[in-house]
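J.: Pasting a predicted model and its sequence here:
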Amino acid sequence: MTRSMNDKLMMLTGRLLVAAILIFVLLPTVVVFISSFSSTSVLFFPPKGWSLRWFERAVSYDDFRHGFWSGLIVTAWASSLAVLVGASLAIAIERYSFPCKQVLEGILLSPLFIPHFTIGLGLLMLVSQLNLGRGYPLVIFCHVVLVLPFVLRSVYVSLKNLEQRIELAAASLGASPLRVVLTITVPLILPGLFGGWLFAAILSFNEFTASLFITTQATQTLPVAMYNYVREFADPTLAALSVIYITVTATLLIIANKFLGLGKVLNVDARH
């Protein structure tokens with residue numbers, strides 16, 4: 001009886017601890033959400049009045065609109081290229097043996113632990129030395145490097161869950177390695193490819209630290225435009241834009257999880 005009560009007490013304590021952590025993490029989001037409806041021209045909490053005008057300003061401000069479309073261009077190219085490159089490299093690393101394979105894998109995963117500002121600053125110094133322009137190709141290349149580890153992770157898990165005997169059967173029937181990959185491997189890992197693309201797109205669109213060094217006024221993404229805005233204004237516009245950001249991102253993840261099962265794609269399901 002005592003042991004049963006101790007187990008229940010431990011379970012209750014664990015749940016309270018998790019709830020406290022969630023409240024601590026979500027509290028700033030709640031503050032931003034409430035502040036975005038303020039009627040005053042200065043960011044103030046709790047609001048003295050309520051208004052939706054900051055949401056209207058968030059979607060109509062020229063720099064934000066330009067940053068949004070620039071971000072979409074960079075995100076579309078970066079996430080698509082990352083999936084193409086990442087899937088090819090993941091299949092090669094997972095299915096074949098070749099010299100320096102572990103070194104290549106370590107280099108590809110290095111953006112996970114190298115600070116993003118270091119990568120952005122390094123690329124800025126490199127293009128300055130080579131007298132290259134800071135256009136869209138540079139920003140897209142930088143974002144591909146940053147999101148590539150997440151695509152690799154997603155494809156790795158899909159390959160682990162793939163029954164390799166299917167590939168071997170196709171090869172035994174005379175299919176070339178390229179045909180096996182295109183007709184067997186790729187169709188079976190499509191959920192992993194789409195999951196990798198989705199995470200790459202979200203991360204690319206929200207990337208700020210490296211983008212701050214390599215973007216210009218013509219190529220600045222939305223996070224950079226938000227940073228430039230907050231240096232000049234202190235109204236709740238950024239709070240309203242943040243609420244839109246959070247809502248759209250959460251909606252995309254919920255939809256993707258419902259139809260794809262991102263827990264399985266990212267190998268966070270205990271059964272996998």
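T.: Cool, got the structure. Numbers count the residues shown, from 1 in each chain.
J.: in this protein, what spans have low per-residue confidence?
T.: 1-7, 259-272 (pLDDT under 70).
J.: mind listing the helices for it?
T.: Counting by DSSP state H, the chain has helices at residues 2-35, 53-60, 62-95, 101-109, 116-129, 136-161, 164-172, 177-180, 186-188, 190-206, 211-214, 222-230, 237-260, 262-265.
J.: what comes into contact with the fourth one?
T.: The contact list for helix 101-109 (CB atoms under 8 Å, 6 or more residues apart in numbering) reads 89, 93, 148-149, 152. C-betas here are computed from N, CA, C, even on glycine.
J.: got the buried residues for that helix?
T.: Neighbour counts over helix 101-109 (16 or more other CB atoms under 10 Å) mark 105, 108 as buried.
J.: and that helix, how far from the chain's centre?
T.: How far helix 101-109 lies from its chain's middle: 21 Å, per CA atoms, centre = their mean, to the nearest Å.
J.: before we move on, what about the shortest one?
T.: On the basis of CA atoms, centre = their mean, the separation between the geometric centre of helix 186-188 and that of its chain is 23 Å.
J.: next one: the third one
T.: Distance, stretch centre to chain centre, for helix 62-95: 10 Å (CA atoms, centre = their mean).
J.: got a winner among the contacts of helix 101-109 for most neighbours?
T.: Highest neighbour count within the contacts of helix 101-109, by other CB atoms under 10 Å: Leu148, with 25 neighbours.
J.: ok, that one touching Ala87?
T.: No. Look at Leu148 against Ala87 with CB atoms under 8 Å: they stay out of range, at 10.5 Å.
J.: picking that back up, need the helices of the chain in a markdown table (columns: distance to Pro47).
T.: Formatted as a markdown table, the helices of the chain follow (distance: least, CB to CB, whole Å):
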| stretch | distance to Pro47 |
| --- | --- |
| helix 2-35 | 6 |
| helix 53-60 | 11 |
| helix 62-95 | 22 |
| helix 101-109 | 44 |
| helix 116-129 | 34 |
| helix 136-161 | 36 |
| helix 164-172 | 58 |
| helix 177-180 | 60 |
| helix 186-188 | 51 |
| helix 190-206 | 26 |
| helix 211-214 | 30 |
| helix 222-230 | 19 |
| helix 237-260 | 10 |
| helix 262-265 | 35 |
